[in-house]
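A.B. asks: What follows is a predicted structure for the sequence shown.
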Amino acid sequence: MFVKNLAVVFSLTLVTFCNSSFIEDLPKCHLEDFDCLKDVYQTMIRKMGKEGLKEFNIPPLDPMKLTNVNVNVHNLVNVTMVDGIVKGIRDCVFDAFSIDIKEGRGHQENTCDLVIKGHYTAEASSDLIAALLGGSSIHGDGHAKVTVGQVHVKFDFPFYAQKRDDGEIYIKCNYDLVKYDYDIGGPFVIKADNLYLGDKESSKLITDMINQNWRILMTGFGQPFITKAIEEFYFKWSGNFFDKVAARHFIIEDLSPYARP
Ligand SMILES: *[C@@H]1O[C@H](CO)[C@@H](O)[C@H](O)[C@H]1NC(C)=O
């Protein structure tokens, strides 16, 4: 145990002081060794989250900045994170990871605890709001913090071994064809100020209502937020790595027999 811990401390130290050794130090996996590949992914997310990969011009991604990120739900709710951050991605846990290079398909499952906070604006108007809260519209412009636990996402993704002009082979994923599904275990807690129901300051009333009914609300309203998070951020993140780090750095087998342009 001690020896193992020492090894961990040593490799962490190396990673900290010498960025390029991170790539060299990635676990090298057989194609069918999914536990090993899961470790590669987890190591990558941790490292990129905290420090980025300087030699590939990938900046640190956790906390991730959100600037004017807008989500509109069925034209009923319109929320914008004007200037904020998301924290927690680097601690996402990889519950499952597998790839089948012959079929060109992969499967991955993650669980993340996330905190999103910053300057928000929000507008909503509907009969539902009138019925539930006794006012016809909500608008807000202030500070908000959302803590959301146990976000569990499953991805099925098509990929292939791509041979590039540099002679290297990369894992190339077609993000447009990724299928995913999610559920949220919770807890889910939102805090916000400057939220108005009609012209009455009602931050507490509204956030209490959301917090007490978040499961139902996430079923009806959650999808666009999750879609945004996955398509705009998560894919860019993992795409950044697989687009820039050749497969030989983490896969032992020669992928030439599978490779195409
Ligand atoms: C949503 O809110 C943003 C920021 O206030 C605004 O720019 C955008 O036009 C709104 N979208 C809709 C559909 O109302």
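C.D. replies: Everything's here; your move.
A.B. asks: Phi, psi for the residue in the stretch 1-150 of the chain that the ligand sits nearest to please.
C.D. replies: Closest to the ligand within the stretch 1-150 of the chain is N78: 3.7 Å, counting by C-beta to the nearest ligand atom. No exception for glycine: its C-beta is placed from N, CA and C like everyone else's. Per-residue torsions, N78: phi -130, psi 110 (degrees, to the nearest 10).
A.B. asks: What is the neighbour count of it?
C.D. replies: When neighbours are defined as other C-beta atoms under 10 Å, N78 has 15 of them.
A.B. asks: likewise the one 10 residues further on?
C.D. replies: Other residues near G88 number 19, with proximity taken as other C-beta under 10 Å.
A.B. asks: cool, G167 as well?
C.D. replies: G167: 7 neighbours (other C-beta under 10 Å).
A.B. asks: Test my guess that G239 contacts D176.
C.D. replies: No: judged on C-beta atoms under 8 Å, G239 makes no contact with D176 at a distance of 11.5 Å.
A.B. asks: I figured I171 hits G239, correct?
C.D. replies: No: the pair formed by I171 and G239 falls short of the contact definition of C-beta under 8 Å, at 10.1 Å.
A.B. asks: Tell me which of these two has more neighbours.
C.D. replies: Here I171 and G239 are set side by side on neighbour count (other C-beta under 10 Å), and the busier one is I171, at 21 against 13.
A.B. asks: Past the helix or strand containing that one, which element shows up next along the chain?
C.D. replies: For I171, the host element (DSSP states H and E) is strand 169-173. Following strand 169-173 in sequence order, the next helix or strand is strand 179-184 (DSSP H and E).
A.B. asks: What about K102? Give its phi and psi, please.
C.D. replies: Dihedral pair for K102: phi -70, psi -40, per degrees, to the nearest 10.
A.B. asks: G186 now?
C.D. replies: Per-residue torsions, G186: phi 90, psi 180 (degrees, to the nearest 10).
A.B. asks: Could you tell me how far the helix or strand hosting D156 lies from the centre of the chain?
C.D. replies: Assigned by DSSP H and E, D156 belongs to strand 137-163. Computed by C-alpha atoms, centre = their mean, to the nearest Å, the chain-centroid distance of strand 137-163 equals 6 Å.
A.B. asks: Quick one: list the elements packing against it.
C.D. replies: The contact analysis (3 or more C-beta pairs under 8 Å, 6 or more residues apart in numbering; DSSP states H and E) places strand 137-163 against strand 105-125, strand 169-173, strand 179-184, strand 188-192, strand 195-197, helix 203-212.
A.B. asks: closest to S136 out of the ones you listed?
C.D. replies: With C-beta to C-beta as the measure, strand 105-125 is the member of the helices and strands packed on strand 137-163 nearest S136 (6.0 Å).
A.B. asks: Buried residues, the next helix or strand after that closest one. List them.
C.D. replies: Downstream of strand 105-125, the first helix or strand assigned by DSSP H and E is helix 127-133. Residues 129, 133 are the ones in helix 127-133 that count as buried (16 or more other C-beta atoms under 10 Å).
A.B. asks: who touches helix 127-133?
C.D. replies: If you take C-beta atoms under 8 Å, 6 or more residues apart in numbering as the criterion, helix 127-133 is touched by 76, 135-138, 197, 202, 205-206, 209.
A.B. asks: ok now do the residue nearest the centre of the chain, which residues does it touch?
C.D. replies: Closest residue to the average C-alpha location of the chain: Y234 at 4.0 Å, with C-alpha atoms, centre = their mean. By C-beta under 8 Å, 6+ apart, the residues touching Y234 are 89, 153.
A.B. asks: ok, now G52?
C.D. replies: By C-beta under 8 Å, 6+ apart, the residues touching G52 are 58-61.
A.B. asks: Check G239 too.
C.D. replies: 173, 175.
A.B. asks: Quick one: distance of the helix or strand hosting it to the chain centre.
C.D. replies: Assessed by DSSP H and E, G239 sits inside helix 235-244. Distance, stretch centre to chain centre, for helix 235-244: 12 Å (C-alpha atoms, centre = their mean).
A.B. asks: Pretty sure D243 sits against Y170.
C.D. replies: Yes: using C-beta under 8 Å, D243 is in contact with Y170, at 6.6 Å.
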